[in-house]
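*Asks:* sequence unavailable; structure follows:
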C-alpha cells in the first residue's frame, strides 16, 4: 500500500484552509468563503474559494458533511460534485434546502467534504452490439423489493 496522497491546493483571498478533522479521515472538509442564505426549497451556489490539483488517475468527489445534511437539511443539488483532474477553478457547491426553515451558513463554516479516489481512465468506442447479459435491459426496480 502506498503512503498518503499529496493534494496541492491554493486559496482565494477569503477562503478557509481545507482540513482533516482526524488523521485517517477519507474526506477533506471544505468551508464556504462567504455567507450564504438558502431559503426553504431553494437552490443557492456557495463558493469555497479552494482550488485543487487532483492527481492524474484520480477524481475528486464532493459531498455534504453528515452534520450539514442532518442539522441543516442541506444537500448538494447534483448529489455529488465531480472535480476532474484538469479542473483548476474554485470548488463551488450548489446547495438545496430540503428542510422547513431558511438556512444561513456563515463564511468559514465547514459544510462539505472532498474525497479523492483513484479511477480507471476511459477510452470509449461505439459498437453495433453490447452482448447479452442475464439482466439485459431490466432497470430500476427490476431486482424486486
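*Replies:* The structure has been received and is ready for your questions. As the structure is a prediction and not an experimental result, all values here were calculated from the model.
*Asks:* okay, the residue positioned nearest the centre of the chain: pLDDT?
*Replies:* Geometric centre of the chain, nearest residue: residue 62, 1.1 Å, by Cα atoms, centre = their mean. Per-residue confidence (pLDDT) for residue 62: 97.
*Asks:* ok, now the one 5 residues further on?
*Replies:* pLDDT, residue 67: 89.
*Asks:* that's a helix at it, yeah?
*Replies:* Yes. Residue 67: assigned to a helix according to DSSP: H, G, I helix; E, B strand; the rest coil.
*Asks:* follow-up on the earlier one: distance of the residue nearest to the centre of the chain from residue 77?
*Replies:* With the distance defined as Cβ to Cβ, to the nearest Å, residue 62 ends up 12 Å from residue 77. Just so you know, the C-beta spots here come from the backbone N, C-alpha and C atoms, and that holds for glycine as well.
*Asks:* in the chain, which helix or strand is least confident?
*Replies:* The helix or strand of the chain with the lowest confidence, counting by mean pLDDT, DSSP states H and E, is helix 66-72 at a mean of 90.
*Asks:* now do the buried residues in that helix.
*Replies:* By neighbour count on 16 or more other Cβ atoms under 10 Å, the buried set for helix 66-72 is 68, 69, 72.
*Asks:* helices or strands up against the longest strand along the chain?
*Replies:* Assignment by DSSP state E gives strand 110-118 as the longest strand of the chain. Using 3 or more Cβ pairs under 8 Å, 6 or more residues apart in numbering; DSSP states H and E as the contact criterion, the secondary-structure elements in contact with strand 110-118 are strand 28-31, strand 58-64, helix 66-72, strand 92-97.
*Asks:* please repeat the previous calculation with a cut-off of 7 Å.
*Replies:* Contact partners of strand 110-118 among helices and strands, from 3 or more Cβ pairs under 7 Å, 6 or more residues apart in numbering; DSSP states H and E: strand 28-31, strand 58-64.
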